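Chemist: 3D model of this:
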Amino acid sequence: MKITSKDFYRLGTEKVVQYSLQNDHGMTLNFLTFGARVQQVRLPNRDHFDPNLTIGFITFQDYVEDPGHFGAVIGPVQGESAGLPLDSGRTGWQNYNWAAATEQDADRVAIKFTLALGAGQDGLPGSREIAIVHTLDNQNRWTVDWHIESDTQIRIRPRLNVAFALTGDPAQSVMGQRLRLDAEPVPLPARTLTSEATQATLTAADWALTVTTEAKGLTVDTFADLSEAHYFNGITGAPHAAVGIYPTTPLFTLMPGSAFERRTVFTLHALA
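Modeler: This is a model prediction of the structure:
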């Protein structure tokens, strides 16, 4: 198990840092402090092929210009939760450079991203404290724990916007992959599917991904609007190049003194 870090970009007086968590099987999670983004998820297959299994970008400018906020922690986006007008400020949570702290022991490696926002900084009234912890163990389990507090009643819809490309190639379609929701086979949707399931399994030729959430409800998105205009991981993209699987979180009211807590577990395996 190991944790490494390196500078990715300088943003004014701030450094955008890339952190890598790796377990003893070669599973690697790469993060950027900008937007607390998941940049890469890797696990070598039986032929030692080790591509990025998510949608990501090469340069910082790619992330700044990305309208889909791929990999980012998303809360209110440009004030949409409060019905505020669009603006050019750093509203939402995806455009801030988060603080990061790491932790390691014999069985796991972890990184905790935190963001403290003053009144109105994310386009909503009041102040907020957000924390998201990523933990990787030697069973190839990647656990994501959320904690959000607000000193003012707000409406939010938090999400970690990770798009999995289990082909390892953003130019290939994922629509031939097999999806199960609570162990029942389900066709991949042409666009978006919302279910009451608490577990989803996506199986491709070389990798299988299982997503488990504590609360009932998972959404599956196949990103039909992706096209050759997108340039992921240095490769021209295609429609249905990835699958997003995330807890279904409707717009909800967060009250002062009542923290939002949520855990999601991703388990990745290379197939023999």
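Chemist: so where do the helices sit in the stretch 1-150 of the chain?
Modeler: 60-65 (DSSP state H, counting those that start in this stretch).
Chemist: so where's it uncertain?
Modeler: For the stretch 1-150 of the chain, applying pLDDT under 70 flags the ranges 77-91.
Chemist: who touches residue 248 in this structure?
Modeler: 194, 195, 217, 218, 219 (Cβ atoms under 8 Å, 6 or more residues apart in numbering). In this view, the C-beta of every residue, glycine as well, is placed from N, C-alpha and C.
Chemist: Show the buried residues in those residues.
Modeler: 195, 218, 219 (16 or more other Cβ atoms under 10 Å).
Chemist: partners of the second one in the sheet?
Modeler: With DSSP bridges applied, residue 218 shows beta-bridge pairing to residue 195, residue 247.
Chemist: quick one, what contacts the nearest residue to residue 270 once chain neighbours are set aside?
Modeler: Nearest non-adjacent residue to residue 270, counting by Cβ to Cβ, 6 or more residues apart in numbering: residue 45, 4.7 Å away. Residue 45 is in contact with 206, 207, 270, 271, counting by Cβ under 8 Å, 6+ apart.
Chemist: Of those, which belong to strands?
Modeler: 207, 270 (DSSP state E).
Chemist: burial measure for residue 192, as a count.
Modeler: 12 (other Cβ atoms under 10 Å).
Chemist: hmm, back to that, can you add pLDDT and neighbour count and give the contacts of residue 45 back as a markdown table?
Modeler: Output for those, formatted as a markdown table (pLDDT from 0 to 100; neighbours: other Cβ atoms under 10 Å):
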| residue | pLDDT | neighbour count |
| --- | --- | --- |
| 206 | 97 | 20 |
| 207 | 98 | 21 |
| 270 | 97 | 19 |
| 271 | 95 | 11 |
